[in-house]
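S.K.: Coordinates for the following, if possible.
(one chain, ligands or ions: 1)
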Amino acid sequence: MTLVFSGVKPTGHLTLGNYLGAMRRWADVDQHQADALFCIVDLHALTVDHDPARVRRLSRQAATLLLASGLDPELCTVFVQSHVDEHARLSYVLECVATDGEMRRMIQYKEKAARERERGGSVRLSLLTYPVLMAADILAYGTDEVPVGDDQTQHVELARDLAVRFNQRYGHTFVVPRATPPQVAARVMNLQDPASKMGKSDDSGPGIVYLLDEPDVVRKKVMRAVTDSGREVVYDRAAQPGVANLLEILAACTGGNPSELSGVYESYGSLKSATAEAVVETLRPVQERHRELCADPGYVEGVLRDGAERARAMARPTVDAAYRAIGLLPAAAAGAGAAATSDIGVTV
Ligand code: TYM
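M.R.: Model prediction:
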């Protein structure tokens with residue numbers, strides 16, 4: 001059976017971009033068709049300036065929203081990254097396979113490091129090595145497919161490269177994964193700045209629809225979206241990025257096709273109204289279920305506890321195999337008597 005792994009980072013409130021680019025497919029498709037794991041990758045949230053209490057709160061909220069979006073613990077495994085030591089264990093070994101040049105070429109690193117330096121802050125080393133931890137998240141489980149939005153495909157490429165390199169040097173250990181971005185809404189853009197991704201860690205609130213925004217707030221944000229200087233509704237990402245973004249959001253929410261939908265609306269105003277209502281209706285069931293789950297925090301905790309146990313058992317054999325393959329002495333061998341002495345003996 002295909003194995004699917006994906007994750008979400010608790011660095012901000014989850015957005016419509018997270019939902020349309022990733023989470024909705026996890027619930028609608030992946031958990032039904034594959035052995036699937038979905039992770040709140042909290043270690044990744046420590047790579048930039050962070051508030052410990054906020055990370056804890058956002059981790060709990062992300063877990064609740066994943067379940068509210070339809071993930072069913074009977075069908076898939078939902079867990080928190082820091083509850084499973086195998087991620088950090090494997091990350092170090094993969095750091096011994098990756099190069100610093102590879103890390104410095106990562107687009108997200110370059111962008112985030114530049115932003116951090118502009119603010120006069122320092123760049124955490126973990127921001128540079130972040131993609132290796134992400135590769136460990138993926139490779140620890142023998143993942144075949146990684147359903148992510150467009151912005152993560154370079155990181156998944158790195159995971160592929162590291163898997164291939166490790167296998168060539170030390171013997172076949174890892175499955176080589178591939179990214180599976182969605183057909184529509186692989187990169188939902190900021191409503192106020194259609195040249196930038198709608199990102200949860202950004203500060204520009206009016207351009208970002210959060211999953212827990214009230215319907216009226218959603219309507220206001222969509223109605224105020226920046227559109228383009230023309231008048232016609234045309235699906236052209238380069239010439240009309242604002243309109244194209246709305247068409248993609250509408251298509252993703254209604255199951256339509258952005259090009260076909262462009263012929264349906266005669267004005268930007270009617271496109272915006274239709275998009276606003278489609279988003280409100282898409283978020284409604286998620287918000288309702290979120291309210292129910294918030295009333296039962298014990299349930300969410302139980303899901304995460306069981307999920308971590310399952311994930312640990314799944315990751316351990318692969319990570320142990322990687323430790324052996326790269327030359328680390330298995331713990332059991334140290335006291336294993338004569339049979340082991342040739343392995344740990346004097347002829348190194
Ligand atoms: P994160 O938390 O930024 O985003 C979670 C998922 O949402 C997608 N996404 C978007 N898709 C379309 N439009 C957008 N505006 C948008 N914003 C976010 C992301 O592509 C992602 O699929 N590094 C990852 C988390 C991670 C991970 C992993 C993912 C850590 N380890 C292993 C997969 C496998 C991240 O920061 O996602």
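
S.K.: For the closest residue to residue 230 other than its chain neighbours, grab the count of nearby residues.
M.R.: Nearest residue to residue 230, sequence neighbours excluded (CB to CB, 6 or more residues apart in numbering): residue 240, at 6.3 Å. Quick note: C-beta positions are derived from backbone N, CA and C, even for glycine. Counted with other CB atoms under 10 Å, residues neighbouring residue 240 total 22.

S.K.: And residue 240, how far from residue 189?
M.R.: 12 Å (CB to CB, to the nearest Å).

S.K.: thought the residue nearest to residue 230 was touching residue 234?
M.R.: Yes: if you go by CB atoms under 8 Å, residue 240 and residue 234 touch, sitting 5.6 Å apart.

S.K.: And residue 195, its phi and psi?
M.R.: For residue 195, the backbone dihedrals are phi -90, psi -10 (criterion: degrees, to the nearest 10).

S.K.: Can you get me a residue count around it?
M.R.: Neighbours of residue 195 under the rule other CB under 10 Å: 10.

S.K.: what sits against it?
M.R.: Taking CB atoms under 8 Å, 6 or more residues apart in numbering as the criterion, residue 195 is in contact with 189, 241.

S.K.: Where does pLDDT dip in the stretch 151-300 of the chain?
M.R.: 202-204 (pLDDT under 70).

S.K.: Report the distance from the longest helix anywhere in the chain to the chain centre.
M.R.: Of all the segments of type helix in the chain, defined by DSSP state H, the longest one is helix 297-325. Computed by CA atoms, centre = their mean, to the nearest Å, the chain-centroid distance of helix 297-325 equals 18 Å.

S.K.: Show me what from the stretch 151-300 of the chain comes close to the ligand.
M.R.: Contacts of the stretch 151-300 of the chain with the ligand, taken as CB under 6 Å from any ligand atom, map to 151-152, 155, 185-188, 197-199.

S.K.: What does the pLDDT read for the closest residue to the ligand within the chain?
M.R.: Residue nearest to the ligand within the chain: residue 21 (2.0 Å; CB to the nearest ligand atom). Listed pLDDT for residue 21 reads 97.

S.K.: Tally up the residues packed near it, please.
M.R.: As a burial measure, residue 21 scores 26 neighbours (other CB under 10 Å).

S.K.: State the distance from it to residue 142.
M.R.: Distance, residue 21 to residue 142, using CB to CB: 24 Å.

S.K.: where do the strands sit along the protein?
M.R.: Along the chain, the segments classed as strands by DSSP state E run 3-8, 35-40, 76-80, 145-146, 178-179, 189-190, 193-197.

S.K.: from these, which stretch is densest packed?
M.R.: strand 35-40 (a mean of 26; mean count of other CB atoms under 10 Å).

S.K.: other SSEs contacting that strand?
M.R.: Applying 3 or more CB pairs under 8 Å, 6 or more residues apart in numbering; DSSP states H and E, we find strand 35-40 packed against strand 3-8, helix 52-68, strand 76-80, helix 297-325.

S.K.: Just the residues contacting the shortest one, thanks.
M.R.: Residues outside strand 76-80 that contact it (CB under 8 Å, 6+ apart) are 26, 30-31, 36-40, 42, 59, 63, 66-67, 71, 303-304, 307-308, 310-311, 314.

S.K.: one step back: for the residue nearest to residue 230, phi and psi?
M.R.: According to degrees, to the nearest 10, residue 240 has phi -130, psi 70.

S.K.: Next up, the contacts around it.
M.R.: Residue 240 touches 227-228, 230, 234, counting by CB under 8 Å, 6+ apart.

S.K.: how far is stretch 211-218 from where the chain is centred?
M.R.: Averaged C-alpha coordinates place stretch 211-218 at 22 Å from its chain's average position (CA atoms, centre = their mean).

S.K.: measure that stretch end to end?
M.R.: Criterion CA to CA, to the nearest Å; first-to-last residue distance in stretch 211-218 is 9 Å.

S.K.: Ok, stretch 73-87 next?
M.R.: Stretch 73-87: ends 21 Å apart by CA to CA.
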